[in-house]
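Novice: let me see the structure of the following:
(4 chains)
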2 protein chains.
Amino acid sequence: MTHSRFRPPTMADVARVAGVSHQTVSRVLGDHPNVRDETRARVLRAIEEMGYRRNSSARALATRRTRTLGVVASDTTLYGPASTLFALEEAARAEGYLVSTVSLRELTVETLSEALDHLSEGGVEGVVAIAPQRSAVDALAGLRHPFPVVIVGSGPGVDIPSVSVDQHLGARLATGHLLAAGHRKVWHLAGPEDWQEAADRAAGWRATLEAAGVEPPMLLRGDWSPLSGYRAGQELAGWVGRGLTAVFVANDQMALGVLRALREAGVRTPQDVAVVGFDDIPESEFFAPPLTTVRQDFSTVGKQGIALLLELIEGRPPATTPRIAIEPQLVVRASTFPYAAQPEGVPL
Amino acid sequence: MTHSRFRPPTMADVARVAGVSHQTVSRVLGDHPNVRDETRARVLRAIEEMGYRRNSSARALATRRTRTLGVVASDTTLYGPASTLFALEEAARAEGYLVSTVSLRELTVETLSEALDHLSEGGVEGVVAIAPQRSAVDALAGLRHPFPVVIVGSGPGVDIPSVSVDQHLGARLATGHLLAAGHRKVWHLAGPEDWQEAADRAAGWRATLEAAGVEPPMLLRGDWSPLSGYRAGQELAGWVGRGLTAVFVANDQMALGVLRALREAGVRTPQDVAVVGFDDIPESEFFAPPLTTVRQDFSTVGKQGIALLLELIEGRPPATTPRIAIEPQLVVRASTFPYAAQPEGVPL
DNA sequence: CCATGAATTGTTAGCGCTCACAATGACCTC
DNA sequence: GAGGTCATTGTGAGCGCTAACAATTCATGG
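Specialist: Residues are numbered from 1 along each chain as shown, chains lettered A, B, ... in the order given. Predicted coordinates:
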């Protein structure tokens, strides 16, 4: 409550009040077994009375452990990064680590370098980078840093330990679902070229079509935003009646824009054109129509990311660069089947 | 790169290599003016060569400053909290502070208490709490902590310094806009009772109606989710033809659900019922129809929040509890006027 | 009753840095 | 050329904690 100029009590102060040595106080705080119950109680009482709290800096200095991890991220207002961030923090806290975040507007060599410096000044023991762009991964690879770094959200690119959802599989699920529903061809609105996820999803889409003996049609690109989806949707609407019956959109937000453009062009979803998204943001279920999409388990990504980082910090360096892939899941809703059921959770 | 067992170089090591005292190295690092250029260069060269980095714990111990702030938040995947979080981190970094975050699933006395303890163990100098629920604010007020705390996102409740958007004003803008458009009555789908923002928006709505001499109709409640909006929308649809022509929904996500329910009930927006939301999430512009809503400037909230906290940390305690209110802004789109213009940014 | 060892507590020495002050030397001024 | 000033550098003492070791107490058995 009061944060006065008065110096907060130290371990020595507590020791004096409790009539023991500072080391005994340290033992009590450290849950050391060899402390008499009566002594422990006396110390705890003094701690309580004085409102004593261990000084983390002194502790970190003596132990050479800050128990702090860093996270570098961008686009943290997007559902994916925000979810990953949340999962990372939760997992880290469960392990007793504090998480310091740096949120960047864009990931360049300069901003990443500054971010790592900033985190380093803050004494982090390791860093998780939510770096979905290849350029960011490359930039990261070229940077020196005195702690281990794990990349999350980008597939295996350069030689940095990573955890990510298997985007290629997700795209195969989405595309395969459309083919299985009888569509002859599936179009694709991809994300930005530089994004690893976008590339992986496009590759999965292409691979599925080719495996089915279908020539992949022209690929469209957006920037993840609903607006770019809207524009692409207007273009796509022009192909209706010329073989376009199904679109796999690389994320849900763009899919929202596509749905709107199609609707405005008088194209019905899913009767005329089926649409599949990617991410399963909470809103997808309430789009018009509810969106079939691919769900990514960010919670697992976060847990695995922290686990991997802690291993690198605490254990000995592994022989090969660890890469962890997590399976995504197809969620079928009304945007791919005509007259589909009500959205999940709505009693009818 | 290599994070070996070998002890990293200390200031003394650098001093030895550069042929100066450790204090001179400290001066160079601290940009102290009285160092000969030649000496400075020699020291910098040694630092570069050895890859030296100042030990933050030792520094923090000696200066009694960790230059770390804490943030406690919940629902960080929602647009509002995520934006606030981002703004806070950016503002703090601009001031040279590191931000440690704790993201909670819910804000109770227990979780908040643990979060503050965790941050305290990490040595934060102050904390910003993104605590939109009154219960959270109350819980916070009852907790002891050895550092100043600022609340962001909740209006003035108890006696804790706060920064927030003027929700009452936002609600007046929304409700007034509907009345000005000729609607006789405006219904309201409110957020959870416990949320300060929900209460303020409901109060602003009620005040505007009463000022216009209109009896406020029954108030509906949701939980911010599209699903709850959908359910409320079904109920609202039943009142169409019995005086319901306009709804002010307390956030955009619920508005999405309302729009869908109305559409499914054969009610047209805005011709039959006009809808206004709150938040201006990026998707709102692409709803069907694009949503009129109230925009909150989270960036300013973040800057002001950090500024206030730093003042409390660095300056002397203010005489009265500081409360900062930020003005929101009405964004008019197609959900309130029939045949409205295309969404912003879309050339047509 | 004293040796033996386990349990408990205390003592000392850093961890790596900054702060306050002391010391050095160059340069002026009268 | 003595005394004073200023810029530059060095010295010593902590900051508050933990780790390693030393010391003390206590129970136990031959």
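
Novice: got phi/psi on residue A:9?
Specialist: When read as degrees, to the nearest 10, the backbone of residue A:9 gives phi -60, psi 150.

Novice: show me what contacts it?
Specialist: The contact partners of residue A:9, by CB atoms under 8 Å, 6 or more residues apart in numbering or on different chains, come to A:50-52. All C-beta atoms are positioned from the backbone trio N, CA, C, and that covers glycine.

Novice: how about a cut-off of 6 Å?
Specialist: A:50, A:52 (CB atoms under 6 Å, 6 or more residues apart in numbering or on different chains).

Novice: over to residue A:154?
Specialist: Under the criterion of CB under 6 Å, 6+ apart, the neighbours of residue A:154 are A:131-132, A:137, A:196.

Novice: lowest-confidence one in these?
Specialist: Lowest pLDDT of the contacts of residue A:154: residue A:132, 86.

Novice: is that one in contact with residue A:195, as I believe?
Specialist: Yes. With contact defined as CB atoms under 6 Å, residue A:132 reaches residue A:195; the gap is 5.3 Å.

Novice: now flag whichever of the contacts of residue A:154 is closest to residue A:65.
Specialist: residue A:131 (26.0 Å; CB to CB).

Novice: verify the stated contact: the closest one with residue A:138.
Specialist: No. Assessed by CB under 6 Å, residue A:131 is found out of contact with residue A:138, at 9.5 Å.

Novice: out of the contacts of residue A:154, which is most surrounded?
Specialist: Counting neighbours by other CB atoms under 10 Å in any protein chain shown, residue A:132 leads these with 29 neighbours.

Novice: okay, now the residue lying closest to that residue once chain neighbours are set aside: neighbour count?
Specialist: Leaving out its chain neighbours, the residue that sits closest to residue A:132 by CB to CB, 6 or more residues apart in numbering or on different chains is residue A:153, at 4.9 Å. Residues lying near residue A:153 (other CB under 10 Å) number 28.

Novice: do you know the pLDDT at residue A:153?
Specialist: Listed pLDDT for residue A:153 reads 81.

Novice: from chain B, how far off is it?
Specialist: According to CB to the nearest CB, to the nearest Å, residue A:153 and chain B sit 15 Å apart.

Novice: burial of residue A:86, as a residue count?
Specialist: If you count neighbours by other CB under 10 Å, residue A:86 ends up with 24.

Novice: surely it touches residue B:103?
Specialist: Yes. Residue A:86 lies in contact with residue B:103 (CB under 6 Å); the separation is 4.9 Å.

Novice: what is in contact with these two at once?
Specialist: Common neighbours of residue A:86 and residue B:103, using CB under 6 Å, 6+ apart, are residue B:76.

Novice: how about the secondary structure of residue A:103?
Specialist: strand (DSSP: H, G, I helix; E, B strand; the rest coil).

Novice: do I have it right that it meets residue A:77?
Specialist: No. Proximity of residue A:103 to residue A:77 does not meet the contact threshold set by CB under 6 Å, at 9.1 Å.

Novice: near chain B, which residues of chain A are found?
Specialist: Taking CB under 6 Å from any CB of the partner chain as the contact definition, chain A meets chain B at A:1, A:3, A:53, A:56-58, A:60-61, A:76-77, A:82-83, A:86, A:89, A:98-101, A:103, A:120-123, A:144, A:147-148, A:226-227, A:256-257, A:260, A:283, A:286, A:288, A:345.

Novice: and the residue nearest the centre of chain A?
Specialist: Most central in chain A under CA atoms, centre = their mean is residue A:84, positioned 2.5 Å from the mean C-alpha point.

Novice: could you find the closest non-adjacent residue to that residue?
Specialist: Excluding the flanking residues, the one nearest residue A:84 by CB to CB, 6+ apart is residue A:298, at 5.0 Å.

Novice: who are the contact partners of the one you found?
Specialist: Counting by CB under 6 Å, 6+ apart, residue A:298 makes contact with A:83-84, A:87.

Novice: helices - which of the residues of chain A next to chain B land there?
Specialist: Within those, residues falling in helices by DSSP state H are A:56-58, A:60-61, A:82-83, A:86, A:89, A:120-121, A:226-227, A:256-257, A:260.

Novice: only whichever of those residues are buried, select them in PyMOL.
Specialist: Of those, the buried ones go into a single PyMOL selection, burial set by 16 or more other CB atoms under 10 Å in any protein chain shown:
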select buried, chain A and resi 56+57+58+60+61+82+83+86+89+120+226+227+256+257+260
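
Novice: determine which two of the ones in helices among the residues of chain A next to chain B are furthest apart.
Specialist: The widest separation within these (CB to CB) is 58.1 Å, between A:58 and A:260.
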